[in-house]
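Sequence and computational prediction follow.
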Amino acid sequence: DVSRSIMAEIDLDSLLTLIIQNVTKVMSADRSTLFLVDKKTGELWSKVAQGASVIRLPMGEGIVGHVAKTGETANIIDAYLDKRFNQEFDKKSGYRTKSILCMAIKNPKGKIIGAIQVLNKSDDTHFTAEDEDMLGAFSSLAGISLENARAYEELEQEKNSLEIKVQERTKDLEVAKKKSEVLLLNILPSEVADELKLNGKANPRRYEYVTVLFTDFKGFTNVAEKLDPESLINELDKCFFYFDEVMERYNLEKIKTIGDSYMCAGGIPRKNRTNPIDTILAATEIRNFMNQMREIKQAVGEPFWELRIGIHTGPV
């Protein structure tokens, strides 16, 4: 029953407590302690030592350290008479350690992963060879169970880490997807963008009644030569930003910009009969805007661009 309960436990903390409780009971001992080797520091540590919180010991120090380092079993009848170890009377608790049985815990590959010790037989006798066999069985059982618990713990940590990475990756992909969709919608009509996302391509369509508007700036090259690149881009951005706002109000679709040229169209991708009027009204607004810009530039003695607009209605 003890063996089954220990082998069934996979939580490391619960397993350590379960082993100590059963070892103390079955071995008829007064106290028991289980130490594990810290893989990072090489120290021995325990948080199920009776009367103590987490304690740490250097490898090789004391009875437990000696056993964990050498793998030798220590069966001490009277710790105060054994000169190998410096045992002192615990004045605070009044507890006196006399008989000690300590044994290394090995994993299935034979590597020492800790040590377990029992103190003072409850009937004041010392630990016998039969007790050594019993503790040896517990040590073997503990070695297998602890490795299973550690493996499960590491697996859970890897699983959690993988889940976090998947969540982060999914979040990054969602952000990237949104960026690509925004970029796609900035380049193409929403219907065409949706068709591309759904099918991976967009089929050509014929429209019998579409109005195309094309603008460019007269004398752009001459003005551009007098501006630094940053100022040039800023000036174009101001103009095209306003053009975009006008196109949106008049239900026109921006097609593209090429240098100082701006192209849009009405009646696509959704057909309508008002696109020639819509386009003319939009063209009038941007012409008025550019005239105002010219007056402002002239007033301060800065170079300006004059707008040229071409409009055509027909099939595309």
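Perfect, I can see it now. Numbering: from 1, shown residues only.

Now do the strands in the stretch 201-316 of the chain.
210-218, 253-258, 261-266, 306-314 (DSSP state E, counting those that start in this stretch).

For the second one, what does the pLDDT average out to?
It refers to strand 253-258. Mean per-residue pLDDT for strand 253-258: 90.

That one pairs with which strands, and in what direction?
strand 261-266 (antiparallel) (DSSP bridges).

do the same with the first one
In the sheet containing strand 210-218, the strands it pairs with under DSSP bridges are strand 261-266 (antiparallel), strand 306-314 (antiparallel).

unless I'm mixing things up, residue 42 is touching residue 59, no?
Yes: at 5.3 Å, residue 42 and residue 59 qualify as touching, with contact defined as C-beta atoms under 8 Å. For the C-beta atoms, the positions are set from N, CA and C on the backbone; glycine is no exception.

Settle it for me: which of these two has more neighbours?
More crowded of residue 42 and residue 59, by other C-beta atoms under 10 Å: residue 59, with 16 against 11.

Where does the more buried one sit: helix, strand or coil?
coil (DSSP: H, G, I helix; E, B strand; the rest coil).

Is it correct that it is in contact with residue 36?
No: judged on C-beta under 8 Å, residue 59 makes no contact with residue 36 at a distance of 11.7 Å.

tell me, what's touching the two both at once?
Common contacts of residue 59 and residue 36, defined by C-beta atoms under 8 Å, 6 or more residues apart in numbering, comprise residue 44.

need the helices for the protein, in chain order.
2-8, 12-26, 62-70, 129-187, 190-199, 220-224, 229-249, 275-300 (DSSP state H).

so what does the fourth one touch, helix or strand wise?
I take that to be helix 129-187. helix 2-8, helix 12-26, strand 100-106, strand 112-121, helix 190-199 (3 or more C-beta pairs under 8 Å, 6 or more residues apart in numbering; DSSP states H and E).

With mean pLDDT added, can I get these in TSV?
Below are these laid out as TSV (pLDDT from 0 to 100):
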stretch	mean pLDDT
helix 2-8	71
helix 12-26	79
strand 100-106	89
strand 112-121	86
helix 190-199	82
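
of these, which approaches residue 157 most closely?
Residue 157 lies closest, by C-beta to C-beta, to one member of these: helix 12-26, at 11.5 Å.
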